[in-house]
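[1] All I have is the shape, not the residue letters:
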């Protein structure tokens, strides 16, 4: 469920088709996201899932799978 919600967020911010987003997609290389896009995605994750991601943890988010893992860790759904 986290992945589906996250795909919608990423598709909107990066203006890409949801079908192109996989757990292995990297924000920078595969989705052409710059640092501002990643910041917007992290902010949208925090709003959508009602959680807070520290700057240190946000810097570790390289792939969509990393973002899903952060969400699961923060919500206890792993």
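    Perfect, I can see it now. What you are looking at is a predicted structure, and each value in this text was computed from that prediction instead of being measured.
[2] any idea how far residue 57 is from residue 11?
    Counting by Cβ to Cβ, to the nearest Å, the separation of residue 11 from residue 57 is 23 Å. Just so you know, the C-beta spots here come from the backbone N, C-alpha and C atoms, and that holds for glycine as well.
[3] Identify the residues contacting residue 64.
    Contact analysis of residue 64 by Cβ atoms under 8 Å, 6 or more residues apart in numbering lists 3, 6, 7, 10, 21, 22, 23, 24, 25, 27.
[4] Please give me every residue in contact with the nearest residue to the fourth one once chain neighbours are set aside.
    Here the nearest residue to residue 10 in space, its sequence neighbours aside, is residue 21; by Cβ to Cβ, 6 or more residues apart in numbering that works out to 5.5 Å. With Cβ under 8 Å, 6+ apart as the criterion, the residues that contact residue 21 are 7, 10, 11, 31, 64.
[5] can you tell me which of these are in helices?
    Using DSSP state H, 7, 10, 11, 64 are the members of the contacts of residue 21 that sit in helices.
[6] Widest-spaced pair of the residues you listed?
    Largest separation among the ones in helices among the contacts of residue 21 by Cβ to Cβ: 11 and 64, giving 11.0 Å.
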